[in-house]
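Engineer: Pasting the sequence and the predicted coordinates here, then a few questions.
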Amino acid sequence: MSRVFLTWAVTHSVKEVQTEDSVLLFVVAWTITEIIRYSFYTFSLLNHLPYLIKWARYTLFIILYPMGVSGELLTIYAALPFVRQSGLYSISLPNKYNFSFDYYTFLILVMISYIPLFPQLYFHMLHQRRKVLSHTEEHKKSE
């Protein structure tokens, strides 16, 4: 969901950030990640998973994940002044629904949410890496 959000609700909606280097940062990280992920799935379905693909799937995230998150956060941060100035996606009171929404504040909350979520997901992947690659190494030694 974060990719849809970053692509549509931030990068597409705030034209001023489309030329930021941070966009390139997360797009490159996402692209490499997806190439590795779908290669992994394809070879797994064919029951012929090369070790290099498995290794890449469980190792390159160590660099790609922080790179993508950095690009995402920097892009949201770059969008903040434009969102605040334009009132993009914000709803102010009074209105017939008696409801308000401040997209600027929402983006800040999204950025803050990365603090507890990123380490949790990153350490989960480190655990998966240790489990999958150590199992592969043990299996290779027994052959």
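Structural biologist: Alright, I've got the coordinates.
Engineer: Could you list every helix and strand that the helix-or-strand element of the chain with minimal mean pLDDT packs against?
Structural biologist: The weakest-scoring helix or strand in the chain, judged by mean pLDDT, DSSP states H and E, is helix 103-142 (a mean of 89). Using 3 or more C-beta pairs under 8 Å, 6 or more residues apart in numbering; DSSP states H and E, the elements in contact with helix 103-142 are helix 51-59, helix 61-86. Heads up, the C-betas are built off the backbone N, CA and C, glycines and all.
Engineer: Most tightly packed of these?
Structural biologist: helix 61-86 (a mean of 18; mean count of other C-beta atoms under 10 Å).
Engineer: Packing partners of that helix?
Structural biologist: helix 21-45, helix 103-142.
Engineer: got the angle for it vs helix 21-45?
Structural biologist: Comparing the axes of helix 61-86 and helix 21-45 via axes from the mean of the first three to the mean of the last three C-alpha atoms, to 10 degrees yields an angle of 140 degrees.
Engineer: Could you give the separation of helix 61-86 from the chain centroid?
Structural biologist: 10 Å (C-alpha atoms, centre = their mean, to the nearest Å).
Engineer: same question, stretch 1-21
Structural biologist: That offset, for stretch 1-21, works out to 12 Å (C-alpha atoms, centre = their mean).
Engineer: Now tell me what touches it from outside.
Structural biologist: By C-beta atoms under 8 Å, 6 or more residues apart in numbering, the surrounding residues in contact with stretch 1-21 are 23, 26, 30, 72, 74-76, 78-79, 82-83, 88-89, 107, 110.
Engineer: possible to save the helices and strands packed on helix 61-86 as JSON lines with mean neighbour count?
Structural biologist: JSON lines is the format used below for the helices and strands packed on helix 61-86 (neighbours: other C-beta atoms under 10 Å):
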{"stretch": "helix 21-45", "mean neighbour count": "15"}
{"stretch": "helix 103-142", "mean neighbour count": "12"}
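Engineer: possible to save those helices as TSV with distance to Phe61?
Structural biologist: TSV is the format used below for the helices and strands packed on helix 61-86 (distance: least, C-beta to C-beta, whole Å):
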stretch	distance to Phe61
helix 21-45	7
helix 103-142	5
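Engineer: Alright, I will stop here.
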